[in-house]
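K.L.:
Could you look at this predicted model? Sequence included:
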Amino acid sequence: MGVSIRIAHLYPDMLNLYGDRGNIIVLSERIKARGFEVTTDRITMGKSFRTDDYDILFIGGGQDFEQDVLLDDLKRGKDIEISKAIENGTSMLAICGGYQMLGKYYKTYDGKMLEYMGALDFYTEGKEERMIGNYAFKTKEGIEVVGFENHSGRTYLGKGVEPLGKMIKGYGNNGEDGTEGVRYKNTFGTYSHGPVLPKNPKLADLIISKALENNHPNIRLTPLDDALELKAQQQVMKLYIK
Ligand code: GLN
């Protein structure tokens, strides 16, 4: 039987800043380039989903307003399914506002308390001064990732999770402790918009390979020609980072 990867795109219409949807395009194209099948379902507000039906979950970023509006919908069952996916080791990528939603809470800079699902051990508090700019970090596998951040929230990780990477340049989680994003089992949370995956093909393949490990453990990803993608990454590094 051929390999088929099922992607769930959560809140595609509400959480889609700076072309976050581009991450879905990259995942799909890189899966297809390996000769596998891929399907993407849009899981909007009001639509329920079962995590067991999917190999990869994706949540983009949003403004404080959308993050607030979504809260009721999230608590009507999506929170339970997302938490289950995280513990089951489902491959997941969450960006900025979507990343914040996996934690315990986000207190906005103007004092609004958004209680999230607490699936991961971290919390976020906003300040008026936003953290904006091109930035870069390095994962524990040594993958250098370039991206763009624009957030008011400062995220502080607890002991139960690891950061996704260490900062090379920019603010990352909070501008203080040199960490960026979160990593727990096969969940990847990052502040990186842009979208992040087109310029960072190794990160894209890491996420796909984690999805394969779960249901097709004997299948390895064949390498692709990433010359153009890596050139784009080097250009960003040269212009903004190093
Ligand atoms: N609204 C959140 C913040 O400002 C997330 C922003 C985003 O997704 N870019 O921290």
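P.N.:
In hand now; what should we look at? These numbers were taken from a predicted model, which means no experiment stands behind them.

K.L.:
Name the residues of the longest helix seen in the chain that are buried.
P.N.:
Longest helix in the chain, counting residues (DSSP state H): helix 201-215. Across helix 201-215, burial judged by 16 or more other CB atoms under 10 Å covers 201, 202, 203, 204, 205, 206, 207, 208, 210, 211, 212. The way it works is simple: take the backbone N, C-alpha and C, and place the C-beta from them, glycine included.

K.L.:
Return the distance of that helix from the chain's centre.
P.N.:
From the chain centre to the centre of helix 201-215 is a distance of 13 Å (CA atoms, centre = their mean, to the nearest Å).

K.L.:
Regarding this protein, what is its longest strand?
P.N.:
strand 122-139 (DSSP state E).

K.L.:
Which elements pack onto whichever helix or strand comes after that strand?
P.N.:
As assigned by DSSP states H and E, the chain's next helix or strand after strand 122-139 is strand 144-157. If contacts are counted by 3 or more CB pairs under 8 Å, 6 or more residues apart in numbering; DSSP states H and E, strand 144-157 sits against helix 97-100, strand 122-139, helix 227-236.

K.L.:
which SS class is the spatially most central residue of the chain?
P.N.:
Nearest to the centroid of the C-alpha atoms of the chain, with distances taken as CA atoms, centre = their mean, sits residue 94, at 2.5 Å. Three-state assignment for residue 94 (DSSP: H, G, I helix; E, B strand; the rest coil): strand.

K.L.:
My read is that residue 3 contacts residue 37, right?
P.N.:
Yes - Residue 3 lies in contact with residue 37 (CB atoms under 8 Å); the separation is 6.9 Å.

K.L.:
the more surrounded of these two?
P.N.:
More crowded of residue 3 and residue 37, by other CB atoms under 10 Å: residue 3, with 16 against 11.

K.L.:
quick one: contacts for that one?
P.N.:
Listed by CB atoms under 8 Å, 6 or more residues apart in numbering, the contact set of residue 3 reads 34, 35, 36, 37, 212, 216, 219.

K.L.:
so what's residue 101 up against?
P.N.:
59, 67, 70, 74, 94, 116, 117.

K.L.:
actually residue 174, not the one I typed
P.N.:
Going by CB under 8 Å, 6+ apart, residue 174 touches 154, 155, 156.

K.L.:
give me that answer again for 10 Å
P.N.:
Each residue near residue 174 by CB atoms under 10 Å, 6 or more residues apart in numbering is listed here: 124, 125, 127, 131, 151, 153, 154, 155, 156, 157, 180, 191.
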